[in-house]
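J.: any chance you could fold what I've pasted below:
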Amino acid sequence: MSIPIETLRRAGVLRHAAIFAVVIVLLAILDWYTAEPYWVHWVFLGWGAGLALHAWLALRH
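T.: Numbering: from 1, shown residues only. Below is the predicted model:
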């Protein structure tokens, strides 16, 4: 019995989003403790763009 490709794609995007959220929160805490200049927003923007592209490519019909 095989798992439908749509289910695998959705699971991959959700896994990517969950890892993204956890890492961004941890980096934001680290960034806050190390004070200025703040840099976490660049990680958020770059990785967020990659996540958005992943979601768009994986979930389009």
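J.: please make it C-alpha for all contacts and neighbour counts, starting now.
T.: Fine.
J.: for Phe44, grab the count of nearby residues.
T.: Phe44 has 19 neighbours, counted by other CA atoms under 10 Å.
J.: whoops, Val13 was the one
T.: Val13 - counted by other CA under 10 Å - has 19 other residues nearby.
J.: can you tell me how far it is from Leu30?
T.: 26 Å (CA to CA, to the nearest Å).
J.: now swap in Ala11 and tell me
T.: For Ala11 relative to Leu30 (CA to CA), the value is 29 Å.
J.: for this protein, which segments count as strands?
T.: Read by DSSP state E, the chain holds no strands at all.
J.: need the longest helix for it.
T.: In the chain, with assignment by DSSP state H, the single longest helix is helix 5-34.
J.: how about that one: buried residues?
T.: Within helix 5-34, the residues that qualify as buried are Arg9, Val13, Ala17, Ile24, Leu27, Ala28, Asp31, counting by 16 or more other CA atoms under 10 Å.
J.: is it possible to export those to TSV including pLDDT?
T.: Output for the buried residues of helix 5-34, formatted as TSV (pLDDT from 0 to 100):
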residue	pLDDT
Arg9	93
Val13	97
Ala17	98
Ile24	98
Leu27	97
Ala28	96
Asp31	95
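J.: output those residues in TSV, with distance to Ala55 appended to each entry.
T.: Formatted as TSV, the buried residues of helix 5-34 follow (distance: CA to CA, whole Å):
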residue	distance to Ala55
Arg9	9
Val13	6
Ala17	9
Ile24	18
Leu27	22
Ala28	23
Asp31	27
